[in-house]
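A.B. asks: Pasting the sequence and the predicted model now:
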Amino acid sequence: MRYARLKQLYRYQYPDWNLIGNAGDCIQNIAVEEIYKELGIDVNSLVQINRDEIPSYSGEKVVLPMQGWFGNIYNIFPVDWSENIIPVFIGYHLNPANNGRNIFIKNGLAKKIKTYEPVGCRDNSTRKFLRNAGVDTYFSGCLTLTLSRREIEPQNGKIFLVDLTEKSKAIIPDKIKNAADTSITHSYHFKDYPISEQEGIEFENYSRAILKRYKEEAKLVITSRIHCAMPCAAMGIPVIFINEDTGNSRFDVLDGIIPCYSPKSKINWHPKPVNIEKIKSAIKENAVMRITIAAQRSGLQIGKIYSIADIKRIEYTLFINSFRIAWRFRFLRNLMFFYKFCTFYFNQ
């Protein structure tokens, strides 16, 4: 029995795939590595499993954190998992696109996933769906929110515009746009298909280099990418997240962390870094606990033995911190809405 993490080789086997990978997928895997380091596990010893081959994995038995995006895309449905995988559901997002959630129910996976309750969901949409299917769930947040806060801000930091949608890009003030650096993209262009193991490594190195540049160079990041916004916020970098698809189920993980603006919003173009150290600590402690318990149940000796009282304390700490930060954000948002309503009403 060993420990494992995901990697991204995009084995879609689909003729119309554009050979573009999303560095955000790798960034989530990097965040999982950081949790393993907290457990004292050598990340070089981890078994790496391609996300799109989870159901067919036939190697030695492993404990695998299921942190990331799962859904039905390009005729690949990597939501099931092989008998050789002990899954740990933290930061889990089940996407509804292409009938993915209906397939999840049809294939009997709601019953199968109950063996590994409680399921830690990255967003409330996934949590609600699984709860309606009879699964015990909780909001775990995303592990990219646990990346370490930078200690030093750059002296002459850059404004990075990263993968903005066309509508989002159009509203950037000229003063910001003209001074901005657009050299970073989370879109990685693979050379050929099938993707080799070596190019998979290069893809991860590219993603690590992106994080390094944010940490060392950025004074502000403006993006439409959720896995650009979250790690930057965690590292203490001011972030503006703009996306016209504000109703996207993936985005509610940002609720209480940073605003989710649409191009029609009134945007604060001079945000301060957010301090999410309490919720970060709670997410991290919960992840460490869930991996430890799964490993111990499978016969691996690791970490402390968690009592029922420990588990309840960590669950409560995560809940109260996620509730407090989301409630504060909603309160301020509702207060602003009330102010605007009163201003409009009394000016009539």
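C.D. replies: Alright, I've got the coordinates.

A.B. asks: Only C-alpha atoms from now on, for both contacts and neighbour counts.
C.D. replies: Will do.

A.B. asks: Just confirm G21 contacts T185, I think it does.
C.D. replies: No. G21 is beyond contact range of T185, at 10.8 Å (criterion: CA atoms under 8 Å).

A.B. asks: now the strands: where do they sit in the stretch 1-150 of the chain?
C.D. replies: 2-7, 20-22, 47-50, 62-65, 68-70, 85-88, 92-94, 119-121, 137-139 (DSSP state E, counting those that start in this stretch).

A.B. asks: Run the angle between the helix or strand hosting T292 and strand 2-7 for me.
C.D. replies: Using DSSP states H and E, T292 maps to helix 277-297. Here the directions of helix 277-297 and strand 2-7 differ by 130 degrees (axes from the mean of the first three to the mean of the last three CA atoms, to 10 degrees).

A.B. asks: what packs against helix 277-297?
C.D. replies: Packed against helix 277-297 by the contact rule (3 or more CA pairs under 8 Å, 6 or more residues apart in numbering; DSSP states H and E) you find helix 23-38, strand 62-65, strand 85-88, helix 308-346.

A.B. asks: what about the first one, distance to the chain center?
C.D. replies: On the basis of CA atoms, centre = their mean, to the nearest Å, helix 23-38 is displaced by 10 Å from the centre of the chain it belongs to.

A.B. asks: Send me that helix as CSV with only the CA atoms.
C.D. replies: Taking C-alpha atoms only, helix 23-38 is exported to CSV below (Å, rounded to 0.1, in the frame of the first residue of the first chain):
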residue,chain,number,x,y,z
ALA,A,23,-2.4,24.5,-15.6
GLY,A,24,-5.1,24.8,-12.9
ASP,A,25,-5.4,21.0,-12.9
CYS,A,26,-1.6,20.7,-12.1
ILE,A,27,-1.8,23.5,-9.5
GLN,A,28,-4.4,21.4,-7.6
ASN,A,29,-2.0,18.4,-7.7
ILE,A,30,0.8,20.6,-6.4
ALA,A,31,-1.5,21.6,-3.5
VAL,A,32,-2.0,17.9,-2.7
GLU,A,33,1.7,17.4,-2.6
GLU,A,34,1.9,20.2,0.0
ILE,A,35,-0.5,18.3,2.2
TYR,A,36,1.6,15.2,1.9
LYS,A,37,4.6,17.2,3.0
GLU,A,38,2.6,18.2,6.2
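
A.B. asks: Start at 7, not 1
C.D. replies: All right, first residue 7 from here; so that's helix 29-44.

A.B. asks: So which bits of that helix are buried?
C.D. replies: By neighbour count on 16 or more other CA atoms under 10 Å, the buried set for helix 29-44 is 29-42.

A.B. asks: could you say what helices and strands that helix packs with?
C.D. replies: strand 8-13, strand 74-76, helix 203-223, helix 232-240, helix 283-303.

A.B. asks: contacting residues around the third one?
C.D. replies: Outside of helix 203-223, the residues within contact range by CA atoms under 8 Å, 6 or more residues apart in numbering are 13-15, 29-30, 32-33, 36, 156, 159-160, 162-164, 190, 192, 194, 196, 237-238, 241, 243.

A.B. asks: centroid residue for the protein?
C.D. replies: C148 (4.3 Å; CA atoms, centre = their mean).

A.B. asks: follow-up on the earlier one: redo the helices and strands packed on helix 29-44 as JSON lines? Include mean neighbour count, distance to K112 and mean pLDDT.
C.D. replies: Shown next, in JSON lines, are these (neighbours: other CA atoms under 10 Å; distance: least, CA to CA, whole Å; pLDDT from 0 to 100):
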{"stretch": "strand 8-13", "mean neighbour count": "22", "distance to K112": "25", "mean pLDDT": "96"}
{"stretch": "strand 74-76", "mean neighbour count": "21", "distance to K112": "16", "mean pLDDT": "92"}
{"stretch": "helix 203-223", "mean neighbour count": "16", "distance to K112": "33", "mean pLDDT": "97"}
{"stretch": "helix 232-240", "mean neighbour count": "24", "distance to K112": "30", "mean pLDDT": "97"}
{"stretch": "helix 283-303", "mean neighbour count": "20", "distance to K112": "27", "mean pLDDT": "95"}
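
A.B. asks: Now tabulate those in CSV and tack on distance to H99.
C.D. replies: Formatted as CSV, the helices and strands packed on helix 29-44 follow (distance: least, CA to CA, whole Å):
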stretch, distance to H99
strand 8-13, 14
strand 74-76, 5
helix 203-223, 21
helix 232-240, 13
helix 283-303, 15
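
A.B. asks: Which among these is found nearest to P265?
C.D. replies: Nearest to P265 among the helices and strands packed on helix 29-44 is helix 232-240; the distance by CA to CA comes to 10.4 Å.

A.B. asks: which residues does N56 bridge with?
C.D. replies: Beta-bridge partners for N56, by DSSP bridges, are K13.
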